[in-house]
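Asker: I'll drop the sequence and a predicted model, then ask my questions.
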Amino acid sequence: MRSGRRRQQAPGCAARAGREVRQNHKDYHQVLLDVRRSTRRFPPGMPEEQRQILQEQLTDLILHVLRARPELHYYQGYHDIAVTLLLVSGERMAVALLERLSTLHLRDFMDPTMDSTKHILNYLMPILQRESPRLHDFMQRAEVGTIFALSWLITWYGHVLANVHHVLRLYDFFLASHPLMAVYFAAAIVLYREDEVLACECDMPSVHQLLSQIPQDLPYEALVSQAQQLFQRLPPRELAKEAALQLHKSIAIGSFSEFQQAASCQRPDAILRQQQQHLTPHKAEAEGLLPPAEHSPLVKAAVWGLTATLGAAALAVTQTALDWAPEFLLQLF
């Protein structure tokens, strides 16, 4: 009887111990504040009780990665990426993916200072200079800098776009691309709005206010294509000197070629198919391989594209994913 009572008390004790570990983390209070402010990132109409459970999972997800990787430093905006992964893939897979991305694509944002992030942003102006000297010179005269794109970059646009399908499409794209692709996409946005920018007063407040507000009705699919074309025409190695990165090494960029080689045999669609062949839909959902049924309003093409990528992304994020994704998505519907 006594041992039975001890066993009954153990879960409560374990839960309290878990809460204490979580609350003792140095970033706990900041993470909690950011998670509480993330209400708009959840699907409209989601029951409050369900949202609160997901916010608890979001807090645990972030703190788990930070505890597992003490060299990483939390930044405001990290939770915007974490919540997207959580909503699409479920808690179990989101942990693996977020930890992997934090050591690769997001690594420079998680340094103790903003130096690496600032240097990553330095790629933006050389792209604009090559594509539109007139626009580049105007922005230089206005002294607007690149800070307007900071929240775009560190949240993968999750914080600034209201349409979840646009967010998921970009996550598909960035997961399958070079770590700098978010900067190339920023350049595509600025170039698309060139006429608006040139019509502004040539001063920092006017240009910054215009550029910091992303229109929600931009042709995002066309901008994805343009960003890819910019990357092909102006690869990072050609811009590194102008971006002054020869003085500051990027961990994300430096590790990407090795990561690509390790990922060269990964086929996310094949992995997902193998998983689905051995699991019923109910069991696949329980295992975190499919989005939960209550998230069904989000299960559109973009979500399936991301979920397919996630099938291999716990091991690797492959740059060739875009080659197979469109055909694979057509087979799912």
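Answerer: Structure received.

Asker: ok now do Leu161, which residues does it touch?
Answerer: Residues in contact with Leu161 (C-beta atoms under 8 Å, 6 or more residues apart in numbering) are 167, 170, 214, 216. (C-beta placed from N, C-alpha, C; glycine too.)

Asker: Could you rerun that using 7 Å?
Answerer: The contact partners of Leu161, by C-beta atoms under 7 Å, 6 or more residues apart in numbering, come to 167, 214, 216.

Asker: Please list only the buried members of those.
Answerer: The neighbour-count criterion (16 or more other C-beta atoms under 10 Å) marks 167, 214 among the contacts of Leu161 as buried.

Asker: among the contacts of Leu161, which are in helices?
Answerer: Taking DSSP state H, the ones among those that sit in helices are Val167.

Asker: Out of the contacts of Leu161, which is nearest to Tyr123?
Answerer: When the contacts of Leu161 are compared for distance to Tyr123 (C-beta to C-beta), Ile214 wins out at 18.7 Å.

Asker: Could you provide the contacts of Leu161 in a markdown table, with additional columns for distance to Ile147?
Answerer: As requested, those are arranged in a markdown table below (distance: C-beta to C-beta, whole Å):
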| residue | distance to Ile147 |
| --- | --- |
| Val167 | 22 |
| Ile214 | 15 |
| Gln216 | 21 |
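
Asker: Adding pLDDT and distance to Met93, write the contacts of Leu161 out as JSON lines.
Answerer: JSON lines is the format used below for these (pLDDT from 0 to 100; distance: C-beta to C-beta, whole Å):
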{"residue": "Val167", "pLDDT": "93", "distance to Met93": "18"}
{"residue": "Ile214", "pLDDT": "92", "distance to Met93": "29"}
{"residue": "Gln216", "pLDDT": "89", "distance to Met93": "29"}
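
Asker: Got the phi and psi for the residue nearest to Phe185 when sequence neighbours are not counted?
Answerer: Ranked by C-beta to C-beta, 6 or more residues apart in numbering and with sequence neighbours excluded, the top spatial neighbour of Phe185 is Ala227, at 4.2 Å. Here is the backbone geometry of Ala227 (degrees, to the nearest 10): phi -60, psi -40.

Asker: what ranges do the helices span in the stretch 51-200 of the chain?
Answerer: 78-89, 91-102, 115-121, 124-131, 133-142, 150-154, 164-175, 181-192, 194-198 (DSSP state H, counting those that start in this stretch).

Asker: Highest mean neighbour count out of those?
Answerer: When those are scored by mean count of other C-beta atoms under 10 Å, the highest mean neighbour count falls to helix 78-89 (a mean of 25).

Asker: C-alpha coordinates for that helix, PDB please?
Answerer: As requested, the backbone C-alpha atoms of helix 78-89 are provided in PDB (Å, rounded to 0.1, in the frame of the first residue of the first chain):
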ATOM      1  CA  TYR A  78      12.300  33.000 -31.800                       C
ATOM      2  CA  HIS A  79       8.900  32.000 -30.500                       C
ATOM      3  CA  ASP A  80       7.300  33.100 -33.800                       C
ATOM      4  CA  ILE A  81       9.300  30.400 -35.500                       C
ATOM      5  CA  ALA A  82       8.600  27.900 -32.800                       C
ATOM      6  CA  VAL A  83       4.900  28.400 -32.800                       C
ATOM      7  CA  THR A  84       4.700  27.800 -36.500                       C
ATOM      8  CA  LEU A  85       6.500  24.500 -36.300                       C
ATOM      9  CA  LEU A  86       4.400  23.500 -33.300                       C
ATOM     10  CA  LEU A  87       1.100  24.100 -35.000                       C
ATOM     11  CA  VAL A  88       2.000  22.200 -38.100                       C
ATOM     12  CA  SER A  89       4.000  19.300 -36.900                       C
END
